[in-house]
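Engineer: Structure for this input, please:
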Amino acid sequence: MSQQHTPNEVRWFTEAHQASGSSIGFRTEQQLHAEKTPFQTIEIYKTTDWGNLMVIDGCVMLTTRDNFLYHEMMTHPALFTHARAKRVVIIGGGDCGTLREVLKHEEVEKATQVEIDERVTRLAEEYFPELCDSNHDPRAELLFIDGIKYMADAEPESLDLIIVDSTDPVGPAEGLFNAAFYTSCYKALRHGGILVQQSESPLVHLDLIKSMRSAMRASGFSAVRTLPFPQPCYPTGWWSCTMVRKGGDLSGFRERGALSKNFPTRYYNADIHKAALAQPEFMREALGE
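Structural biologist: Residues are numbered from 1 along each chain as shown. Just a heads-up that it's a prediction; the model follows:
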């Protein structure tokens with residue numbers, strides 16, 4: 001992370017990404033907020049072209065301009081694959097964008113967001129209010145506790161969908177990327193339930209993706225698919241989520257439901273869903289698909 005000053009006083013926030021040998025920068029007007037919580041350091045910037053920018057521990061989390069790509073792909077493919085997801089849990093997701101997308105689905109009866117750092121949500125409510133439209137939906141429950149413990153203590157076969165909307169696998173999120181956590185998720189899901197987790201960039205994190213998929217299978221999940229999608233504000237500009245199912249396969253895409261959805265999206269539609277299931281050649285080779 002760095003704030004660079006050019007001679008004409010234009011300021012840039014830049015995140016250097018060592019693993020890919022690249023960086024991404026945003027031209028900023030001002031820093032709106034900065035604080036160190038018991039868990040992490042959170043910064044908010046106003047940019048000239050990308051709206052507001054949230055940074056956690058030096059890593060870009062989201063911008064106003066492009067967060068819809070991530071939030072829609074973390075939610076709608078799984079929800080339109082599950083036959084009828086009534087009970088949903090989101091681990092992480094403190095900016096509340098994933099919660100908002102989940103609650104667009106009328107069949108969802110309850111959505112619980114489990115975020116360890118309440119300050120992420122409170123700052124999202126102030127600087128990204130459009131993402132928090134559903135925070136007061138009667139079906140929404142916001143808990144500010146440890147997601148790993150929450151899943152370990154979850155009632156067996158009580159959930160239909162678990163979405164792990166976490167930061168990178170370091171610090172507070174490190175324990176969300178291992179077999180012990182996936183086993184907790186497996187036990188908590190009903191038969192046919194789905195787990196979806198953000199799985200970093202296919203261009204530079206294939207080893208992590210392979211490790212995740214192996215641990216998910218070892219925990220009992222019978223089907224796995226990694227869905228790539230564009231995400232300009234993240235390292236390499238290309239991201240992914242990995243989806244697994246407890247029992248059965250992942251072929252049950254409710255295409256008619258996606259075609260006739262009664263809510264707006266900006267990226268996701270039935271064709272995007274099908275396209276995301278088509279793996280690029282290098283991913284097929286690396287992941288054995």
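
Engineer: Confirm for me that Leu110 is in contact with Pro138.
Structural biologist: No, residue 110 isn't Leu; it's Lys. No - taking contacts as Cβ atoms under 8 Å, Lys110 lies outside contact range of Pro138: 9.2 Å. Glycine gets a C-beta too; all of them are placed from N, C-alpha and C.

Engineer: what about these two, which has more around it?
Structural biologist: More crowded of Lys110 and Pro138, by other Cβ atoms under 10 Å: Lys110, with 15 against 7.

Engineer: Work out for me the element Ala276 sits within.
Structural biologist: According to DSSP states H and E, Ala276 maps onto helix 270-277.

Engineer: Buried residues, stretch 255-270. List them.
Structural biologist: By neighbour count on 16 or more other Cβ atoms under 10 Å, the buried set for stretch 255-270 is Ala258, Lys261, Thr265, Tyr268, Ala270.

Engineer: quick one, phi/psi of the second one?
Structural biologist: Its backbone dihedrals place Lys261 at phi -50, psi 140, with angles given as degrees, to the nearest 10.

Engineer: mind checking pLDDT for it?
Structural biologist: Listed pLDDT for Lys261 reads 96.

Engineer: what's next to the lengthiest strand in the chain, contact-wise?
Structural biologist: Counting residues, the longest strand found in the chain (DSSP state E) is strand 22-36. Strand 22-36 has contacts (Cβ atoms under 8 Å, 6 or more residues apart in numbering) with 3-4, 10-17, 41-50, 52-53, 60, 63, 119, 123, 126-127, 232-237.

Engineer: Which members of the residues you listed occur in strands, if any?
Structural biologist: Using DSSP E, the contacts of strand 22-36 in strands are 3-4, 11-17, 41-47, 52-53, 60, 63.

Engineer: Check which residues of stretch 133-152 are buried.
Structural biologist: Across stretch 133-152, burial judged by 16+ other Cβ under 10 Å covers Ser134, Asn135, Arg139, Ala140, Leu142, Asp146, Gly147, Ile148, Tyr150, Met151.

Engineer: quick one: contacts for the nearest residue to His17 once chain neighbours are set aside?
Structural biologist: The spatial neighbour of His17 that comes closest, neighbours along the chain excluded (Cβ to Cβ, 6 or more residues apart in numbering), is Pro235 at 4.0 Å. Neighbouring residues of Pro235 by Cβ under 8 Å, 6+ apart: Glu15, His17, Ala19, Ser20, Ser22, Ile24, Ser201, Val204.

Engineer: For the second one, give its distance to Gln198.
Structural biologist: When Cβ to Cβ, to the nearest Å is the yardstick, His17 and Gln198 sit 16 Å from each other.
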